[in-house]
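After the sequence you'll find the predicted model.
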Amino acid sequence: MNAVTPSALAVLADRLGGDDIPPAVYDSRIDLPNERADPALDLYVKHQALMRCYQARYVLLPSDAPAGGLLGRMQRHYDPSRLQALDAVRPALEAELIAPLVGEGTGAGAVDYIEAMLSEIRGVGENPFTAWLATTDRRDDHYRNFLVQSSPDLLAEASASALGVVGEFGEPQSALFRILIDEFGYGAYPKKHSILYRAAMRGFGLDDEYNGYWPLWDTEALRLHNVIHWLFQNPRNLFRQVGFLLYAEAAYQRSTQAHYRHLARFNPDVDARYFGEHAHIDLHHSRMIIEDVVGPLVAKFGEAVGAEIVVGAELTRSAFAQAGDHLLAVSQAFEASDGMTWGLAGDVRNPLGRPVTPTSDLKGLGGAPVQVGAIGMLRDARDLARFPPSTIGRVLA
Amino acid sequence: MSEVWIGRDLPPIWRDGVEYFVVSRGDELFLVPNRCPHRGGPLKFGYLNERDELVCPMHGNAFPIESLLRGPGVRRLSEVPAGAPDAA
């Protein structure tokens, strides 16, 4: 496997002219890998590149016709040479970024694993993020960041798992498709989960266009996105995909319930149907995965299949936990900073600004302000040094 | 053995813009809206469980046949169609 070279990433960076900013959905830039001495930044840029590999296979249309017409823009975005460049770097990126995260499983049989997993999820207390939000007056700013960091997946929800239902693999395929139907609003566009998520974003004054906030997505948000998408790229991972759904449906039911209650308490005017819908339908999905997918697959193909399902579930658990812990840690670090302004100032895509991490040469920035996600702006970039290592700040031009 | 039979293999039956399916119970016939009260799933493709509940194929919600037949929009077919062999 060839390593990912800076020149390969530089090709993907594909800097655009000042007046040629594409519609958000076709904005496929990554940051130029110009700080090779900073491993955290290097990791960030590679995750950006891998995200672009996966995004490139989505069917995307902007909400409004772009200036100059759609077709040219669309054809440039899906140009075969560009797709080939992404395909060329993808295997090495996956080998470096994702493969090391895949564990060996727990050794438990699928049935025992499910029992323990459900018991653990049910036994978890209050959601740490929403519990902490209740203690701060700036909860809306942190919630805005949560919505933005979750938007790589949720504004195109189930695009990864949609790849897992093509082909021909028996009754479990139909059960997975029934779940997918719900994700896509059972045929009713206003009920599509991504559309419900858009409404929640608008409720916090955010732009709801897919990919609109990509410069603010931090390394952990991209890692979670990429883990999920990696699982669904190759049918070899079928049983791990089932493991992803097994854990995700059960855990998401609980976390969305917490978010639904949070919004009902603190933001009753915000459209919370996205979270209410998941808190309800994921009860069904969790049962469907267990009874209609895991059970029949293990019964037919044996515990070796069950072990793969557990591997996928554990990978998902780890990725969710890492992203969730990071989100909370960044919020708390921001809140503890000395000087800041809250919220977003202007267009985050133009000008793009420059990403920095806590291990970048922050002193060399001469006290420049730095935007941290959608939370707000640190008045002095040096404050970023106290943040979790995979935090991304952006020095706006 | 249940005395209930679901006409899942019959063609769609439309009346006033609503799709129905046939349920036979004993010597009675009903037209039941082919729409699960939960999320609109196609009830007629469900199955009858051992408690005489019709289980929706979408999310597995189970509805007792008795309450389903008392539900809104259900039509009982009580007359033999004119021109049928047994018509008076």
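Happy to help now that I have it. Numbers count the residues shown, from 1 in each chain, chains lettered A, B, ... in the order given.

residues in contact with B:Leu43?
Listed by CB atoms under 8 Å, 6 or more residues apart in numbering or on different chains, the contact partners of B:Leu43 are B:21, B:32-36, B:54, B:56, B:63. Backbone N, C-alpha and C define where each C-beta goes, glycine included.

between those, which is nearest B:Arg15?
Comparing the contacts of B:Leu43 against B:Arg15 with CB to CB places B:Pro33 closest, at 9.6 Å.

Name the SS class of the residue of chain B found nearest chain A, please.
For chain B and chain A, the shortest gap (CB to the nearest CB) falls at B:His59, measuring 4.2 Å. Taking DSSP: H, G, I helix; E, B strand; the rest coil as the rule, one finds B:His59 in the coil state.

Any idea how far stretch A:143-162 is from the middle of the chain?
5 Å (CA atoms, centre = their mean, to the nearest Å).

Show me what counts as buried in it.
Residues of stretch A:143-162 classed as buried by neighbour count (16 or more other CB atoms under 10 Å in any protein chain shown): A:143-162.

Could you list the contact residues of the stretch 251-397 of chain A toward chain B?
A:281, A:284, A:287-288, A:291 (CB under 8 Å from any CB of the partner chain).

ok, those residues vs A:Gly343, which is closest?
Set against A:Gly343, the nearest of these by CB to CB is A:Ile281 (32.5 Å).

need the contact list for the residue of chain A found nearest chain B.
Nearest residue of chain A to chain B (CB to the nearest CB) works out as A:His284 at 4.2 Å. Contacts for A:His284 (CB under 8 Å, 6+ apart) come out as B:59-60.

per-residue pLDDT, it?
In this model, A:His284 is scored at 96, pLDDT.

Now do it against A:Lys46, distance only.
Going from A:His284 to A:Lys46 by CB to CB, to the nearest Å gives 37 Å.

do A:Val356 as well
16 Å.

Which of these two has more residues huddled nearby?
Taking neighbours as other CB atoms under 10 Å in any protein chain shown, A:Val356 and A:Lys46 compare with A:Val356 leading, 25 against 22.

Spatially nearest residue to A:Ser161 (excluding sequence neighbours)?
Excluding its sequence neighbours, the residue lying closest to A:Ser161 (CB to CB, 6 or more residues apart in numbering or on different chains) is A:Phe232, at 6.0 Å.

Residues in contact with the strand or helix carrying that neighbour: which ones?
Under the criterion of DSSP states H and E, A:Phe232 resides in helix A:219-233. Contacts with helix A:219-233, where a contact means CB under 8 Å, 6+ apart, come from A:40, A:43-44, A:47-48, A:50-51, A:54, A:94, A:97-98, A:101, A:149-150, A:152-153, A:160-164, A:217, A:237, A:240-241, A:244, A:312, A:315-316, A:319-320, A:322-323, A:326-327, A:390-392.

what distance separates it from the middle of the whole chain?
7 Å.

which helices and strands does the helix or strand following that helix pack with?
Sequence-wise, the next helix or strand downstream of helix A:219-233 (DSSP H and E) is helix A:238-266. Judged by 3 or more CB pairs under 8 Å, 6 or more residues apart in numbering or on different chains; DSSP states H and E, helix A:238-266 is in contact with helix A:110-123, helix A:128-133, helix A:139-154, helix A:159-162, helix A:171-183, helix A:219-233, helix A:273-288, helix A:303-335.

buried set for the helix or strand that the longest one is followed by?
Tracing the chain past helix A:303-335, the next element assigned as helix or strand by DSSP H and E is strand A:340-342. Taking 16+ other CB under 10 Å as the neighbour-count basis, strand A:340-342 is seen to contain the buried residues A:Met340.

mean confidence for strand A:340-342?
Per-residue scores along strand A:340-342 average to 96.

could you point out which element follows that strand?
Following strand A:340-342 toward the C-terminus (DSSP H and E): strand A:354-356.

So for that following strand, mean pLDDT?
Mean per-residue pLDDT for strand A:354-356: 93.

partners of the helix or strand that comes right after that strand, with directions?
Counting by DSSP H and E, the next helix or strand C-terminal to strand A:354-356 is strand A:370-372. Pairing partners of strand A:370-372, with direction, according to DSSP bridges: strand A:376-378 (antiparallel), strand A:393-395 (antiparallel).

picking that back up, quick one: which of the helices and strands packed on helix A:238-266 is nearest A:Val4?
helix A:219-233 (13.4 Å).

quick check: angle from that closest one to helix A:139-154?
Per axes from the mean of the first three to the mean of the last three CA atoms, to 10 degrees, the angle that helix A:219-233 makes with helix A:139-154 is 20 degrees.

residues near B:Pro64, how many?
The burial count for B:Pro64: 13, using other CB under 10 Å.

Verify the stated contact: it with B:Asp52.
Yes. With contact defined as CB atoms under 8 Å, B:Pro64 counts as touching B:Asp52 (6.6 Å).

So for residue 62, what pLDDT did the model give?
You didn't pick a chain, so chain A it is. 97.

should've been chain B
96.

ok, the closest residue to it other than its chain neighbours to A:Leu263 distance?
The shortest distance from B:Ala62 to any non-neighbouring residue, by CB to CB, 6+ apart, is to B:Glu53 (3.9 Å). Using CB to CB, B:Glu53 is found at 35 Å from A:Leu263.

any weak-confidence spans in the chain?
Answering for chain A, as no chain was given. Within chain A, the stretches with pLDDT under 70 are A:1-2, A:14-19, A:33-36, A:397.

Correction: the question concerned chain B.
Ranges of chain B meeting pLDDT under 70: B:1-2, B:79-82, B:84-88.

Lovely, talk soon.
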